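> 3D model of this:
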Amino acid sequence: TNLRTMKKVLLTAFALVLGVSLALAQNKSSENTFGSNNNTSVSQTATNAVGNTSSINLGDAGNAGNDFNTISVTQEGENTSDVLINDPATAGPATASFNSVTVEQNGGEGSANAASVKIEGGDNTTFQDQDGFGNNAEIGISRTYGTQGNATGNDHTQIQTGDNNQARARAFNGPNDGLQEQIGNANTSDLLQTQGGDNTATLRQLGNNNDVDVEQFKDDNEAQVTQNGDANITSVTQLVGDQRFVQRGFGDGNIISSTQGVGTGNNAVLEMGGDANVVTVNQAGSDNQLFFDFQGTNSNRVSSNVVGLDQVGDNNTISGDFASGSTSNTVSVMQQGNDNDVTSGSMFAQDGVFINGNTNTMTIDQLGNGNSSINSMVGNDNVGDINQNGTGNESILGQMGDMNNASVTQGSMDNISNIMQTGNTNNATVNQQ
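The predicted structure is shown next:
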């Protein structure tokens, strides 16, 4: 009887150990191949496992013929996926073109999914989709150094749904098209496009505490950022020239920073809704254009926003407005160069800076020749301050309401100032030197 009991105990213990080991087993997949027209598919499902691991390597830099391959990786659990098609860290000549890579990871709460795709070549498409918590997605993609035949740019897309997401993309030798979309909280989006122009970056974050960092080098690039939520941070740097930046979003306490230049034909559009946002835009070069539009959700009113706009160069244009009833907003404009305009110009149908509300502050500084400033303020306790230092300056400032203050200072010769005030207890000061 004792022997039978001991045997049952041992068998039971062995079964428990086996069961635990199976439950904690880790699925692993590894594939190394070379050539073209391959179809690789990996599917791993182990929701109770320690984690799934997939590694796919289609050749290293210098191996020719890694073209027209299709790779698909699907994982459920705590997952890790690595895909390498020629190493972009190594200079070519490599010919990895017209490849398609799709990685989908679905992890439950507390999971830490990681996806990495690196490609050297052109005309490749990369798609990463992570659904879960603590996700990390990384893409490194580069069109081949030097010539790549008829191969053009690459498309790279990263989509994350969940909390604490991190998306990072590095694209070289454009034109490349990049998309990063994050739905959740505490998201971080980082995208670099360099060593080639004509790139497009689209970043969308729907949630709170989002962080976007975009860097585009060379010319003819476009960046579009959309953020909905509070306490978001956006930093966009576009160097060389002919850049376009569009920022859209609703929320409070956001920080937006954009730098464009040095070059010609830069364009920035800001369409914001919310309160207590801080916006800074710097454009360096010629023929720069900037437009801002603040429209809130609370009867379209916005308040306590701080907007700083700086243009250095020739033929600069700035225009924009705050929605009716907006209060306690501050606008500062600095233009350094020739033929500067704070007016509608060739931008949208808005005449200079237009503010409708109370206790708003507007400061316009123009340093150069042939400056023009046309601005309107409707409401009470508003302050308008215009400073022009150049030849042939023109300032038009209209204020409607009570207890408004207007100040115009013009240096040099041939200056024109026109102040129109309607209401009671208004103050106007004009100083022409």
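> so how far is residue 99 from residue 267?
Going from residue 267 to residue 99 by CB to CB, to the nearest Å gives 34 Å. (Each C-beta comes from the backbone N, C-alpha and C, glycine too.)
> shaky segments in the stretch 101-250 of the chain?
The stretch 101-250 of the chain contains residues with pLDDT under 70 at 110, 144-151.
> one more time with 80
The model of the stretch 101-250 of the chain has pLDDT under 80 over residues 108-111, 133, 143-152, 241.
> For residue 131, give the beta-bridge partners.
residue 106, residue 161 (DSSP bridges).
> So it sits against residue 106, correct?
Yes: assessed by CB atoms under 8 Å, residue 131 is found in contact with residue 106 at 4.8 Å.
> rewinding a little: more neighbours: which of residue 267 and residue 99?
Regarding residue 267 and residue 99, a neighbour count based on other CB atoms under 10 Å identifies residue 99 as having more, with 25 against 19.
> Report pLDDT for the more buried one.
Looking at residue 99, its pLDDT stands at 90.
> which residues touch it?
58, 66-71, 85, 119, 121, 124-125 (CB atoms under 8 Å, 6 or more residues apart in numbering).
> ok, of these, which come out buried?
When these are checked for burial by 16 or more other CB atoms under 10 Å, the buried set is 58, 66-69, 71, 85, 119, 121, 124-125.
> From those residues, pick the one nearest residue 51.
Using CB to CB, residue 71 comes nearest to residue 51 of these, at 20.0 Å.
> any chance you could map the helices in the chain?
2-23 (DSSP state H).
> Can you give me the distance of the residue positioned nearest the centre of it to residue 166?
Centroid-nearest residue in the chain: residue 225, 4.3 Å away (criterion: CA atoms, centre = their mean). Separation of residue 225 from residue 166 (CB to CB) stands at 17 Å.
> now do residue 123
Following CB to CB, the distance that separates residue 123 from residue 166 is 27 Å.
> Check residue 427 too.
53 Å.
> repeat for residue 316
37 Å.
> what about the two, which has more around it?
Taking neighbours as other CB under 10 Å, residue 316 and residue 166 compare with residue 316 leading, 30 against 20.
> Please report phi then psi for the more buried one.
Dihedral pair for residue 316: phi -90, psi 150, per degrees, to the nearest 10.
> hey, what's residue 127 bridged with?
Beta-bridge partners, per DSSP bridges, of residue 127: residue 102, residue 157.
> Ok, residue 71 next?
residue 40, residue 101.
> Could you verify my assumption that it touches residue 84?
No: with contact defined as CB under 8 Å, residue 71 does not count as touching residue 84 (10.4 Å).
> which neighbours do the two share?
56, 58.
> Now do the residue nearest to residue 39 when sequence neighbours are not counted against residue 116, distance only.
Nearest non-adjacent residue to residue 39, counting by CB to CB, 6 or more residues apart in numbering: residue 70, 4.9 Å away. From residue 70 over to residue 116 the distance is 18 Å, taken as CB to CB.
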